[in-house]
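> A structural model of the following input is requested.
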Amino acid sequence: RGFCADNQTLTNYIWGYLGNEPPDFYPPYLNFDNLSPEPDAMAVDVNSDIFININDDASGIDISSIIIKINNETIYNGAQPDLYTNVSVSGTVHNFLIKYTPSQPLPTDSEIIVSVDVRDLASPPNTMATATYSFMTGTDSDVEEHYPVIITQNRLNQNYPNPFNAGTTIEYELIKSGRIKLQIYNIAGQVIKSLAQGERPKGVHKIHWDGNDDTGNPASSGMYFCKFLTDSFIQFRKIIKLE
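A predicted model of the protein is given here:
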């Protein structure tokens, strides 16, 4: 799930072939993607880190303008980065990855609202672009009790956390029982890890990937693709592993 924002418009859409390509706003053309936890995610662990990726195709991102709030509390201000020791920012002028590690657990069974304000480097500066999204903390049992899962189509959900280091959870949904194959590919198109294969019942399934390949060795940091295949369906998701 990602966002595309210009100086007046914020559009929420599904990335890749699940949805249309974003409109060519210019200037600026700012994307907020690889969000973890995902927008509208349920049963998020209260100890989860929060990841936000900001990128653009135009003049670059003004890193000093980035302001991030959680439930209206500022957790990062790019004008005073040294004051926010729980936030790390890495990347280049066109692509920044932001990681927030809460000093204490997030509120339990609560809606967590994340907002991001940012400007690009166009001259003169453009109006601040804002992305706002939310997710719910809790447990799987809480969600199943209050929000029964109704599966309407086969689907590979975005792994969480993403990016990840020690391990990540991959979730897929089956509208009916059938044969599936779940594999991890590197950017060269080679299968490095087979996570699941064979007959599976309908429902929601979760698989943990520890970041190792099929030989048991740790996969190097970088971009990977998770492929979910059934007899009549195929979908990919981008996964990023960090050192």
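
> Contact partners for the residue nearest to residue 77 when sequence neighbours are not counted?
Nearest non-adjacent residue to residue 77, counting by CB to CB, 6 or more residues apart in numbering: residue 67, 5.4 Å away. C-beta coordinates here come from the backbone N, C-alpha and C atoms, glycine included. Residues in contact with residue 67 (CB atoms under 8 Å, 6 or more residues apart in numbering) are 74, 76-78, 116-118.

> got a winner among those for most neighbours?
residue 118 (25 neighbours; other CB atoms under 10 Å).

> I figured that one was touching residue 56, is that so?
No. Assessed by CB atoms under 8 Å, residue 118 is found out of contact with residue 56, at 9.1 Å.

> tally of neighbours for residue 215?
Residue 215: 7 surrounding residues under other CB under 10 Å.

> er, residue 91 actually
Residues lying near residue 91 (other CB under 10 Å) number 14.

> Same check on the one 10 residues further on?
As a burial measure, residue 101 scores 12 neighbours (other CB under 10 Å).

> And for residue 63?
19.

> List the residues that contact the residue nearest to it when sequence neighbours are not counted.
Nearest in space to residue 63, with sequence neighbours left out and distances taken as CB to CB, 6+ apart, is residue 78 at 5.2 Å. Residue 78 makes contact with 62-67, 89, according to CB under 8 Å, 6+ apart.

> repeat for residue 219
So residue 219 contacts 184, 186, 192-193, 211-213, 241 (CB under 8 Å, 6+ apart).

> Give me the ChimeraX select line for the residues you listed, limited to the buried ones.
Selection of buried members from these for ChimeraX, criterion 16 or more other CB atoms under 10 Å:
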select :184,186,192,193,211,213,241
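
> Which ones among the contacts of residue 67 map onto strands?
Using DSSP state E, the members of the contacts of residue 67 that fall in strands are 74, 76-77, 116-118.

> Dump these into TSV; add pLDDT as well.
TSV is the format used below for those (pLDDT from 0 to 100):
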residue	pLDDT
74	94
76	94
77	93
116	88
117	86
118	85
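
> surely residue 211 meets residue 220?
No. Counting by CB under 8 Å, residue 211 does not reach residue 220; the two are 9.7 Å apart.

> Next, show the common contact partners of the two.
residue 241.

> next SSE after the lowest-mean-pLDDT helix or strand in the chain?
Lowest mean confidence among the helices and strands of the chain (mean pLDDT, DSSP states H and E): strand 10-13, at a mean of 34. Downstream of strand 10-13, the next assigned helix or strand under DSSP states H and E is strand 30-36.

> Quick check: buried residues in that following strand?
Going by neighbour count (16+ other CB under 10 Å), the buried part of strand 30-36 is 30-32, 34-36.

> The protein: helices as residue ranges?
Under the criterion DSSP state H, the chain contains helices at 140-146.

> Point out where it drops to low pLDDT.
For the chain, the stretches with pLDDT under 70 are 1-30, 57-58, 122-128, 139-152.

> so residue 166 sits right up against residue 208, yeah?
No. Using CB under 8 Å as the test, residue 166 is too far from residue 208 to be in contact (10.4 Å).

> on that earlier part again, dump the contacts of residue 219 to a markdown table, plus distance to residue 40.
Below are these laid out as a markdown table (distance: CB to CB, whole Å):
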| residue | distance to residue 40 |
| --- | --- |
| 184 | 25 |
| 186 | 30 |
| 192 | 30 |
| 193 | 28 |
| 211 | 26 |
| 212 | 30 |
| 213 | 32 |
| 241 | 24 |
